[in-house]
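Visitor: got a sequence here, can you model it:
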Amino acid sequence: MIKVMNLNQSFGKKRVLDSISLEIKRKEVCALVGRNGAGKSTFIHSLLGLLPVKQGTIKINGIEVTKNNTEWKKAIAYLPEKFMLYPSLTGLENMMFFAEAISGKADLERLGEVLRSVRLWDDRNVQVKKYSKGMLQRLGLAITLFQDSSILILDEPTSGIDPMGRKEILEVLASLHDKTILLSSHHLDEIKQVCTHVAFLEDGKIEKYSVEQFLETQNLGGYGR
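Guide: Numbering: from 1, shown residues only. Take a look at the predicted model:
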């Protein structure tokens, strides 16, 4: 689903990603983990085509990510850590706006299905400015899910949310059995709850582990026990 081969990215003389290779297979849920400044955002922006690939290859569903080829974009949806909504519009009105921007029309049946999946149907007619941070994140996730892409890239989807809000987001993610997901996260507890693998980025290199292997390798095997 996602295949990265010998990817290099540099800013000036500083090499951020050093010939990294990573494969995320269909229906895997992979956490992207690394210290602040390790290059997680650079990696994600490279996957999304926001940063041109200087050296190496990225393929999404077998299609190479290039500025001249947009076919790969149909397979991928992205939820940034911070996104803009229209506070005076309701949750449903925001969904309709973005749905029309994405597909040219707002399929009300599909909108209802997605809002129910993130538990916002009962609040669909409430202005977004009255939503909690957790509700805002779930609305952002609903907008992402509306695209019905097979691959989701989520940048810190529970950042700044209280424990109950995090629980709600994680329950939604755990229900997405047909999606391939890459999520950037700092929270070991949520990685243990929803992820199958971890991609650990450090010193410009990346290593992929099962969650159990990662906890053991980082001497975190007793975490949460």
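
Visitor: which stretches in the chain count as helices?
Guide: 40-47, 91-103, 108-117, 133-146, 163-174, 188-194, 211-217 (DSSP state H).

Visitor: next, format the ones you listed as JSON lines and append mean neighbour count and mean pLDDT.
Guide: Heads up, the C-betas are built off the backbone N, CA and C, glycines and all. Output for the helices of the chain, formatted as JSON lines (neighbours: other CB atoms under 10 Å; pLDDT from 0 to 100):
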{"stretch": "helix 40-47", "mean neighbour count": "22", "mean pLDDT": "94"}
{"stretch": "helix 91-103", "mean neighbour count": "18", "mean pLDDT": "91"}
{"stretch": "helix 108-117", "mean neighbour count": "16", "mean pLDDT": "92"}
{"stretch": "helix 133-146", "mean neighbour count": "22", "mean pLDDT": "92"}
{"stretch": "helix 163-174", "mean neighbour count": "16", "mean pLDDT": "88"}
{"stretch": "helix 188-194", "mean neighbour count": "18", "mean pLDDT": "90"}
{"stretch": "helix 211-217", "mean neighbour count": "16", "mean pLDDT": "89"}
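
Visitor: so for residue 82, which of those sits nearest?
Guide: Nearest to residue 82 among the helices of the chain is helix 133-146; the distance by CB to CB comes to 9.3 Å.

Visitor: packing partners for that closest one?
Guide: For helix 133-146, the elements it packs on are strand 76-79, helix 91-103, helix 108-117, strand 151-155, helix 163-174, judged by 3 or more CB pairs under 8 Å, 6 or more residues apart in numbering; DSSP states H and E.

Visitor: redo the helices of the chain as CSV? Include distance to residue 22.
Guide: What follows is the helices of the chain, written out as CSV (distance: least, CB to CB, whole Å):
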stretch, distance to residue 22
helix 40-47, 9
helix 91-103, 27
helix 108-117, 29
helix 133-146, 22
helix 163-174, 20
helix 188-194, 16
helix 211-217, 14
